[in-house]
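**Q** starting from these lines, generate the structure:
(one chain, ligands or ions: 1)
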Amino acid sequence: MGFFYSEKEGDTLRVGIPRTLYFFTFYPLWKSFFDVLEVDVVLSPPSNKVLLDAGVRETVNDACVPIKLFHGHAAALKEKADFLFMPRLVSLDGKATLCPKFLGLPDMVRYSIAGLPEIIENRLDMKKGKLELYRFLYRIGQRFTDNKIKIFQAIRKARYNFSRYRKLLLRGLTPQEAFQVLDGKKETAEAGSSEFPIKLAVLGYPYLLYDDYVSVGLLDILKEHGVRVATPEMVPGEGFKSLSKKMPKNLFWFYSNRVVWAGQYYLRDSDIDGIIHVTAFACGPDSMTNKLLELETKYCERKVPFLTVTLDEHTGEAGVRTRIEAFVDLIKRKKGLA
Ligand code: SF4
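**A** Predicted coordinates for the structure are as follows:
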């Protein structure tokens, strides 16, 4: 049974974690924490049509596709877990908040889907100080044990594996590849081949970029066409920090800021041949994020080619593939490669 892929059903308590949204940011933290507490983690299946259709049925029409999909993942865990892990993430960097749909997620799910197990919806708000992550995890740990030492050990292990995970992402691994490295199923390796002649920044929220079903395999399509990919997860923390200070004004939303800062970072990288913004239809924050990126690429000194790919529940692979191929051809021609 793999460390990061265990889906066993046993006598111990089971916590269900939806394999979407903040899963791509935090899974190694949550998984390591619950493992030390001897709580089984049950994951929903990778995103697929059945989950998305269920999510579309269960939630409001005007929600974005990641939120619809989240409902499908939550419904899939209904009979499989004693608890659903759905923390209310308010602020992760102590400054910006998450989008309002994240803030209301536990309530949306609870009132949309009947018969769910108890929801663990502890609030994480890093605006309350640097120790807030410890307090947050400690409060969750107290649900499962009154052994304080065990909870502290769980927090320490969780932080350790989370830090390893982030380093792997920085080196260019996708979350799925990083999970396999942490699981011991894959050797640590650098992602992509530096011999590929084109390098594109692919910007977007991790739950769009790294969910192969929602993104219709966009990252793989790019690799098939000999493109090296750079994402916001590959920007070093110091890069974000200095760029956030240079912006005349930052956005209100955590993930949107990361996308805009990553755009700024890659615009300064002469190795980057173009930028693709992957956005979700009906995403409020992205209406601003997308416009900002478009204007930055248009008016920067070296005029970087820019493409927006909008995803919704009807997006098909053929449409995305055609647009990506046209964009890559344009860049090849610009570089004299075609
Ligand atoms: S940021 Fe956009 S895509 Fe993400 S949950 Fe909010 S509305 Fe949906």
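**Q** next one: the helix or strand bottoming out on mean pLDDT in the chain to chain centre, how far?
**A** None of the helices or strands of the chain scores lower by mean pLDDT, DSSP states H and E than helix 237-246, at a mean of 79. Relative to its chain's centre, helix 237-246 lies at 20 Å (C-alpha atoms, centre = their mean, to the nearest Å).
**Q** elements contacting that helix?
**A** Counting contacts by 3 or more C-beta pairs under 8 Å, 6 or more residues apart in numbering; DSSP states H and E, helix 237-246 is packed against helix 254-267. From N, CA and C alone the C-beta is placed, and that goes for glycine too.
**Q** avg pLDDT for the helix it packs on?
**A** Mean pLDDT, helix 254-267: 94.
**Q** quick one: the longest helix along the chain to helix 237-246, angle?
**A** Ranked by residue count under DSSP state H, the longest helix found in the chain is helix 148-170. Here helix 148-170 points in a direction 80 degrees away from that of helix 237-246 (axes from the mean of the first three to the mean of the last three C-alpha atoms, to 10 degrees).
**Q** pull out the buried residues from helix 148-170.
**A** 151, 154-155, 157-159, 161-162, 165-166, 168-169 (16 or more other C-beta atoms under 10 Å).
**Q** same question for stretch 264-272.
**A** If you call a residue buried by 16+ other C-beta under 10 Å, then stretch 264-272 has these buried ones: 264-267, 272.
**Q** quick one, what contacts Glu58?
**A** Going by C-beta atoms under 8 Å, 6 or more residues apart in numbering, Glu58 touches 71-72, 75, 112-113.
**Q** try it again with 7 Å
**A** Contacts were defined as C-beta atoms under 7 Å, 6 or more residues apart in numbering; by that measure Glu58 touches 71, 75, 112-113.
**Q** can you read off the pLDDT for Glu190?
**A** On pLDDT, Glu190 comes in at 57.
**Q** how is the protein carved up into domains?
**A** With automatic domain parsing as the criterion, the domains of the chain are listed as 14-182, 198-334.
**Q** rewinding a little: and the angle from the least confident helix or strand of the chain to helix 254-267?
**A** Put simply, helix 237-246 runs at 100 degrees to helix 254-267, going by the same axes, to 10 degrees.
**Q** what does helix 237-246 contact?
**A** With contacts defined as C-beta under 7 Å, 6+ apart, helix 237-246 is touched by 250, 257-258, 261, 264-265.
**Q** and if we set it to 8 Å?
**A** Contacts for helix 237-246 (C-beta under 8 Å, 6+ apart): 250, 257-258, 261-262, 264-265.
**Q** can you name the residues of the stretch 151-300 of the chain that neighbour the ligand?
**A** Applying C-beta under 6 Å from any ligand atom, we find that the stretch 151-300 of the chain lies next to the ligand at 205, 255, 280, 283-286.
**Q** okay, now the unreliable bits of this structure?
**A** 1-10, 188-194 (pLDDT under 70).
**Q** buried stuff in stretch 85-103?
**A** Using 16+ other C-beta under 10 Å as the test for burial, stretch 85-103 gives 85-92, 96-99, 101-103.
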